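K.L.:
no letters, just coordinates:
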DNA sequence: GGCAATAATATCGCACACGACATAAAACAA
DNA sequence: TTGTTTTATGTCGTGTGCGATATTATTGCC
């Protein structure tokens, strides 16, 4: 019945032929899977991304996190305030340049890293996806990301 | 300085080695790119996904859209109300089963499909990614999606 | 028929995302 | 130095996403 309609939809607008949809859906599914592991640690998924950046780079400016996470400050500022309230980080204006807000890890925030170490492997185990597929997908996406990012900023 | 910290972060927690981050970032970049094309048509990106499903399947129940978009009703209900307010769809309780809300396309909603036909190609042109990469990525994600989806629902 | 279990949709609260715009400090130019 | 521009961060409003829970209608079981 309504299935017959499919034939009249141009192929480039059929969900199955889109790149955008599986990307969007897969991203949300991964987020949900991570969330199960992160909630007990007191983190949301975007907060986890930000903490990964801070474990590598703190103390650093908000702008550094913004660039690496590809998130604007209007998203980051409230998120960072929540991380501060939880006691994972400290925010302070730079003395050199009063515009810059520096982010520092607290002891609690540094300790959180140990709790997160097992998270990626736990997910891989749960999913039973071949290592090969993961690597292939990661490399494809990593290659695509700069192109997408460039596309967003011009025009 | 802070760069030296990188060496102390276990490799599975370095952003570069994660699958989750490029997936998350790429999905947001794609959304932003689509949004530029969709805003003039009066659609958000998730609304566009829902409309694609409706072009193929309307009239159909909310549940059908929910399953195909992999979105819960707590996300869909407000989104569908907005689509109705814009005049793209009509919502009505089924007479057979009073629990079911049926979704119908209006003339305006059906017409919108023609305006959207050029959107996917416009993006492909803009991005200059090889056709091969796109196909490979789409197929990988499509293969991964059922596994992720299954992982979300059990345990 | 009566009544528990199930199903479809909705409400609520919280945390993103992001466009548009605001603010304040630093850099730069005339 | 003084006015303009740029930079870093922030606020505001709208629209998702989703866990937890509520509501109403149907189904199934005795």
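P.N.:
Received, thanks. Only a predicted model underlies this, so the values are computations on that prediction, with no experimental measurement involved. Residues are numbered from 1 along each chain as shown, chains lettered A, B, ... in the order given.
K.L.:
could you use CA atoms for every contact and neighbour count after this?
P.N.:
Will do.
K.L.:
let me see the contact set for residue A:45.
P.N.:
Residue A:45 makes contact with A:31, A:34, A:35, A:38, according to C-alpha atoms under 8 Å, 6 or more residues apart in numbering or on different chains.
K.L.:
recalculate using a threshold of 10 Å.
P.N.:
By C-alpha atoms under 10 Å, 6 or more residues apart in numbering or on different chains, the contact list for residue A:45 reads A:30-39, A:51, B:20-21, B:24.
K.L.:
number of nearby residues for residue A:123?
P.N.:
16 (other C-alpha atoms under 10 Å in any protein chain shown).
K.L.:
gap between it and residue A:31?
P.N.:
11 Å (C-alpha to C-alpha, to the nearest Å).
K.L.:
cool, residue A:66 as well?
P.N.:
In terms of C-alpha to C-alpha, residue A:66 sits 19 Å off from residue A:31.
K.L.:
in this structure residue A:33 contacts residue B:147, no?
P.N.:
No: Residue A:33 lies out of contact with residue B:147 (C-alpha atoms under 10 Å); the separation is 11.4 Å.
K.L.:
who touches both of these two?
P.N.:
Common neighbours of residue A:33 and residue B:147 (C-alpha under 10 Å, 6+ apart) are A:126, A:127.
K.L.:
elements contacting the biggest helix by length in chain A?
P.N.:
Selection of the longest helix in chain A by residue count, based on DSSP state H, yields helix A:131-153. For helix A:131-153, the packing partners by 3 or more C-alpha pairs under 10 Å, 6 or more residues apart in numbering or on different chains; DSSP states H and E come out as helix B:20-38, helix B:119-127, helix B:131-153.
K.L.:
which one of these is the most hemmed in?
P.N.:
Among the helices and strands packed on helix A:131-153, helix B:20-38 has the highest mean neighbour count (mean count of other C-alpha atoms under 10 Å in any protein chain shown), at a mean of 21.
K.L.:
and the angle for it with helix A:119-127?
P.N.:
80 degrees (axes from the mean of the first three to the mean of the last three C-alpha atoms, to 10 degrees).
K.L.:
and helix B:20-38, is it in reach of chain A?
P.N.:
Yes: counting by C-alpha under 10 Å from any C-alpha of the partner chain, chain A has neighbours in helix B:20-38: B:20-34, B:36.
K.L.:
test my guess that residue A:102 contacts residue A:93.
P.N.:
Yes: Residue A:102 is in contact with residue A:93 according to C-alpha under 10 Å; the separation is 6.0 Å.
K.L.:
list residues touching both of these two?
P.N.:
With C-alpha under 10 Å, 6+ apart, residue A:102 and residue A:93 have common neighbours residue A:61.
K.L.:
out of these two, which sits in the busier spot?
P.N.:
residue A:102 (18 against 13).
K.L.:
so what's that one up against?
P.N.:
Residue A:102 touches A:58-64, A:90-95, counting by C-alpha under 10 Å, 6+ apart.
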